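Participant: no letters, just coordinates:
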Ligand code: AMP
């Protein structure tokens with residue numbers, strides 16, 4: 001998953017983009033980058049591994065000139081985690097520069113790349129996003145938005161994009177609307193971001209979502225929009241509401257906080273825990289769901305797990321070794337809350353079961369008498385090919401065993417998941433128009449034909 005940000009028409013575009021990236025850090029922690037573009041088309045880029053806050057050359061960013069900038073925070077879903085794969089992708093071509101920041105995954109990137117390579121194209125990265133840049137450069141269309149439209153025709157899967165071609169800022173969303181992308185105003189400037197929390201931090205006001213299948217262009221003449229010829233069929237990622245987006249954001253026009261509370265309330269209705277004395281969240285992503293569970297069940301909400309905020313999202317570590325090491329240092333249990341009690345732990349999802357198993361051991365170690373786990377989404381049984389780093393089926397604990405067996409494997413007394421219908425009924429603007437392939441196996445587009453090559457990017 002990734003976070004993207006773009007602005008055109010501000011004096012300190014790079015500094016504002018830097019600020020915006022702070023609010024999109026949760027969407028990707030492997031690398032970050034900014035490209036700033038001056039009105040004559042001169043462009044500069046800074047990209048780095050790691051967090052936005054750590055090691056970015058602050059002085060350099062605040063002096064990057066230009067009224068236009070785009071930025072990206074990345075964690076890899078296809079292509080490896082190296083500086084070559086840090087975004088924005090930035091190249092020179094006959095029309096000046098192209099800079100591109102992508103959230104999502106093209107499911108046919110391997111085929112598109114092979115076709116370009118057969119014609120002699122060479123690639124600097126293993127990212128699917130670089131394919132789009134090549135296709136832009138090949139387009140003979142006159143206007144930047146037409147070049148982007150041509151590049152995207154035939155691209156399948158998920159893409160929310162901010163792009164600069166020459167000095168034109170473009171924003172685009174795939175016709176399924178898999179990933180969010182919102183548009184705002186900051187004085188005379190136009191701003192685009194994955195989530196509204198990034199508009200809040202820079203002081204921009206929300207205008208509306210970029211529509212599925214829409215391309216927006218902003219240049220010296222102002223803003224204009226074009227819509228893809230095919231009618232959009234909505235498949236917004238429901239996991240944005242469950243886990244990914246920040247609760248202070250609105251995505252797909254709905255409040256993430258309200259969505260998670262409703263999921264928690266629905267979970268309490270479907271999966272009560274008779275005899276339990278209190279409920280708590282696995283911080284932070286399930287805080288709002290636990291609030292909803294407490295509200296609907298009448299159980300007292302407690303803080304039983306304390307999270308070390310100096311450790312990043314465990315799951316976002318691209319390797320299993322990295323994840324295992326981080327689980328141990330990320331959480332601790334509060335004995336005073338747990339000792340001798342029968343408790344309900346609410347989490348938003350179980351993926352591999354690694355984190356959860358470790359957490360349950362912590363709760364037992366702190367004296368919990370009974371542990372009842374409640375999950376505010378259904379069992380994850382399939383990988384995501386649209387931008388979330390859900391692993392292949394073999395590693396998904398619920399894809400390979402019954403719910404009772406998952407419960408035993410993670411060491412809880414009882415385990416209850418939210419139903420698919422309960423989830424879709426609880427999220428804003430549900431139940432239709434969402435992608436829930438990771439829970440239901442219903443993939444809205446053709447999954448990649450060669451999974452190994454899709455994962456490696458080449
Ligand atoms: P595990 O117990 O190893 O399956 O990890 C489950 C935890 O990972 C839950 O606390 C989720 O909030 C979190 N999680 C779920 N999906 C993702 C994701 N795509 N990226 C990062 N963390 C995730």
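Facilitator: Cool, got the structure. All values reported here derive from a predicted model rather than from experimental measurement.
Participant: can you tell me the element the spatially closest residue to residue 404 that is not a sequence neighbour falls in?
Facilitator: Nearest residue to residue 404 in three dimensions, chain neighbours excluded: residue 415, at 7.7 Å (CB to CB, 6 or more residues apart in numbering). C-beta: built from backbone N, CA, C; applies to glycine. Taking DSSP states H and E as the criterion, residue 415 maps to strand 414-417.
Participant: which residues are contacting the next helix or strand after that strand?
Facilitator: Downstream of strand 414-417, the first helix or strand assigned by DSSP H and E is helix 420-426. Applying CB atoms under 8 Å, 6 or more residues apart in numbering, the external contacts of helix 420-426 come out as 238, 242, 259, 262-263, 265-267, 269-270, 376-378, 418, 430-432, 434, 436, 439-440.
Participant: excluding chain neighbours, what is closest to residue 65?
Facilitator: Nearest residue to residue 65 in three dimensions, chain neighbours excluded: residue 38, at 5.5 Å (CB to CB, 6+ apart).
Participant: number of nearby residues for the one you found?
Facilitator: 15 (other CB atoms under 10 Å).
Participant: isn't residue 306 up against residue 330?
Facilitator: No - in this structure, residue 306 is not within contact of residue 330 by CB atoms under 8 Å, at 9.8 Å.
Participant: list buried residues within the contacts of helix 420-426.
Facilitator: For the contacts of helix 420-426, a neighbour count by 16 or more other CB atoms under 10 Å gives the buried set as 238, 242, 259, 262-263, 265-267, 376-378, 418, 430, 434, 436, 439.
Participant: among these, name the ones in helices.
Facilitator: 238, 259, 262-263, 265-267, 439 (DSSP state H).
Participant: can I get those residues in CSV with distance to residue 129 and pLDDT?
Facilitator: Formatted as CSV, these follow (distance: CB to CB, whole Å; pLDDT from 0 to 100):
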residue, distance to residue 129, pLDDT
238, 24, 98
259, 28, 98
262, 34, 98
263, 31, 98
265, 39, 98
266, 36, 99
267, 36, 98
439, 27, 98
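Participant: which other helices and strands contact the strand holding residue 415?
Facilitator: Under the contact criterion of 3 or more CB pairs under 8 Å, 6 or more residues apart in numbering; DSSP states H and E, strand 414-417 touches strand 370-375, helix 403-410.
Participant: so which of those is the most packed in?
Facilitator: strand 370-375 (a mean of 24; mean count of other CB atoms under 10 Å).
Participant: that one pairs with which strands, and in what direction?
Facilitator: When pairing is defined by DSSP bridges, strand 370-375 lines up against strand 342-347 (parallel), strand 414-417 (parallel).
Participant: immediately after the longest one, which helix or strand?
Facilitator: By that I understand strand 342-347. Using DSSP H and E, the helix or strand that follows strand 342-347 in sequence is helix 354-365.
Participant: check contacts around residue 1.
Facilitator: Counted by CB under 8 Å, 6+ apart, residue 1 has contacts 27-28, 75, 77, 103, 244, 387-389.
Participant: show me these that map onto strands.
Facilitator: Applying DSSP state E to the contacts of residue 1, the entries found in strands are residue 103.
Participant: can you narrow the contacts of residue 1 down to the ones near the ligand?
Facilitator: When contact is defined as CB under 6 Å from any ligand atom, the contacts of residue 1 meet the ligand at 388-389.
Participant: export the contacts of residue 1 to CSV and tack on neighbour count?
Facilitator: Formatted as CSV, the entries for those read as follows, by neighbours: other CB atoms under 10 Å:
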residue, neighbour count
27, 28
28, 27
75, 21
77, 26
103, 29
244, 23
387, 26
388, 24
389, 18
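Participant: from the contacts of residue 1, which is closest to residue 454?
Facilitator: Nearest to residue 454, judged by CB to CB, of the contacts of residue 1 is residue 77 at 9.5 Å.
Participant: which outside residues touch the helix or strand containing residue 16?
Facilitator: Per DSSP H and E, residue 16 falls inside helix 13-22. Applying CB under 8 Å, 6+ apart, the contact partners of helix 13-22 are 3, 5-7, 10, 32, 34, 36-37, 52-53, 56, 58, 61-62, 64-73, 186, 189, 191, 193, 198-199, 201-202.
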